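>>> Quick one, fold the following:
(one chain, ligands or ions: 2)
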Amino acid sequence: MAIVLGIESSCDETSASICIDGEIKSNIIANQTIHAKYGGVVPELASRAHQQHIIPTVNQAIAEAKIHKNEIDAIAFTRGPGLLGALLVGTSFAKAFALALNIPLIEVNHMQAHILAHFIEEPKPSFPFLCLTVSGGHTQIVRVNDYFDMTLLGETLDDAAGEAFDKTAKILGLPYPGGPLIDQHAKLGNPTAFKLPEPQIEGLNFSFSGLKTAILYLVRDEVKKAPGFLSERIDDLCASVQQRIVSILLNKLKRAALETGIKQVAIAGGVSANSGLRTGLHELGNQLGWEIFIPKLEYCTDNAAMIAIAGYHKYLVKDFVQQDVTPQPRMSV
Ligand code: KG4
Ligand code: ZN
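Ligands and ions are numbered 1, 2, ... in the order given. Got it, this is the predicted structure:
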């Protein structure tokens, strides 16, 4: 039997999870609400909140899995990418706990873990498959050759997809994080009400900064003409923005699938919660004969279950790190 404790602290969620023989037994997530009033994650405040949350979160994960801490066989933690101060809290805690329990330490790449969340529950994809990872910090199309053998096919040149949602929401006067709110308003609006540009970027890379500027100018000009524009047209604005972000993502994903000939297609990361993206992916998949994989919502946004499952697969091949390991804010997939 292998019991792995996973710890995630790369951004603004402190999370701990217990994985027993590849099965997730607990996944505790402490969200940080303090950032909402600043309109985005404040790194220093995130680090302090991690420091406060980490022990209760780990204790709860252990209790919910109905094990004793002395039964844990290894500790997996997010080494990067992420905010340095936030990563330091999880890394230092994992190192100290592993030292105290005299068990191995396992480093996990957060972007790989988002993808490996697909191995928590059935149906699980088989290798190779394509994964579109869309979060607040990243937008990537990855060819997944094996658990820890991944090829980056394309990524964003500027904003991430989640950032595009959040920054647009800010322009529209919605609070942070705006992605889920845009999704809600979009359900009530007309996606063809406003014409927004689709950037022409070579290959499989993405760009969202032009879209953000287009929305900024559209809102500025229309509000000049009619001060009530934003509140009257918020649903149509959200629907149009969401439709464009989704089409930018899906057109590149379609191209990646055609170029690689791979028909197993997955999405991961917080933005995969978006209803427009989910519907669009299903429609495209039906057209092109894809098999589609979308993790459960709690495994899409940042969570430690994905760190624990990634850690479990490293545990099986004894891929451990030493006590001199340090966090790495930048890490490629
Ligand atoms: O993966 P995640 O939880 O954290 C990062 O690693 O960034 O992703 C958070 C991002 C935020 O930008 C949030 O606005 C976006 O995911 N998001 C959504 C939805 N739910 C979360 N964006 C659009 N529609 C949603 N339903
Ligand atoms: Zn993430």
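>>> Could you use CA atoms for every contact and neighbour count after this?
Will do.
>>> Give me the contacts around stretch 58-68.
7, 15-18, 25-28, 69 (CA atoms under 8 Å, 6 or more residues apart in numbering).
>>> and that stretch, which residues are buried?
Burial within stretch 58-68, assessed by neighbour count using 16 or more other CA atoms under 10 Å, is assigned to 58, 60-62, 65.
>>> One more: stretch 156-171?
For stretch 156-171, a neighbour-count test (16+ other CA under 10 Å) marks 156, 158-171 as buried.
>>> For this structure, which residues are neighbours of ligand 1?
For the chain, the residues found near ligand 1 under the criterion CA under 6 Å from any ligand atom are 135-137, 162-163, 165-166, 177-180, 183, 269-271, 273-274, 301-302.
>>> Those residues in helices, which ones?
Residues of the residues of the chain next to ligand 1 located in helices (DSSP state H): 162-163, 165-166, 179-180, 183.
>>> tell me the helices in the chain, going along the chain?
Using DSSP H, helices in the chain cover 43-64, 84-101, 110-116, 161-171, 179-186, 209-225, 229-260, 275-288, 297-300, 305-316.
>>> Can you lay out the ones you listed as TSV showing distance to Asp149 and mean pLDDT?
Output for the helices of the chain, formatted as TSV (distance: least, CA to CA, whole Å; pLDDT from 0 to 100):
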stretch	distance to Asp149	mean pLDDT
helix 43-64	29	96
helix 84-101	23	98
helix 110-116	9	97
helix 161-171	24	96
helix 179-186	31	97
helix 209-225	30	96
helix 229-260	16	98
helix 275-288	25	98
helix 297-300	21	93
helix 305-316	12	98
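>>> rewinding a little: of all the ones in helices among the residues of the chain next to ligand 1, which two lie farthest apart?
Distances among these were taken as CA to CA; the most separated pair is Glu163 and Asp183, at 13.9 Å.
>>> Name all residues that make contact with the residue nearest the centre of the chain.
What sits nearest the mean C-alpha location of the chain, by CA atoms, centre = their mean, is Gly269, with 2.6 Å. Residues counted as contacts of Gly269 (CA under 8 Å, 6+ apart) are 114, 133-135, 300-302.
>>> re earlier: ok, of the contacts of stretch 58-68, which come out buried?
Of the members of those, the ones counted as buried by neighbours, 16+ other CA under 10 Å, are 7, 15-18, 25-28.
>>> Of those residues, which belong to strands?
Secondary structure assignment by DSSP state E places 7, 15-18, 25-28 of the buried ones among the contacts of stretch 58-68 in strands.
>>> Setting the sequence-adjacent residues aside, check what's closest to Ile267.
Leu132 (4.7 Å; CA to CA, 6 or more residues apart in numbering).
>>> Let me know whether that neighbour touches Arg143 as I believe.
No - between Leu132 and Arg143 there is no contact under CA atoms under 8 Å: 9.1 Å.
>>> Compare those two (neighbour count), which wins?
The residue with more neighbours, out of Leu132 and Arg143, is Leu132; 26 against 23, by other CA atoms under 10 Å.
>>> In contact with that one, which residues?
So, once contact is read as CA under 8 Å, 6+ apart, Leu132 ends up touching 139-142, 253, 265-268.
>>> Which pair in the residues you listed has the greatest spatial separation?
Using CA to CA, the contacts of Leu132 reach their maximum pairwise distance at Thr139 and Val265, which is 15.2 Å.
>>> which of these two has more neighbours?
For Thr139 versus Val265, the count of surrounding residues by other CA under 10 Å is larger for Thr139: 28 against 23.
>>> Who does that one form a beta bridge with?
Taking DSSP bridges, one obtains Val134 as the residues bridged to Thr139.
>>> So what would you say the end-to-end distance of stretch 174-183 is?
The separation between the terminal residues of stretch 174-183, taken as CA to CA, to the nearest Å, is 12 Å.
>>> Other residues contacting it?
Contacts of stretch 174-183 from elsewhere in the structure, counted by CA under 8 Å, 6+ apart, are 36-37, 39-40, 162, 165-170, 238-239, 242, 271, 274-276.
>>> ok, 7 Å please
Counting by CA atoms under 7 Å, 6 or more residues apart in numbering, stretch 174-183 makes contact with 36, 39-40, 162, 165-166, 169, 238, 274-275, all of which sit outside it.
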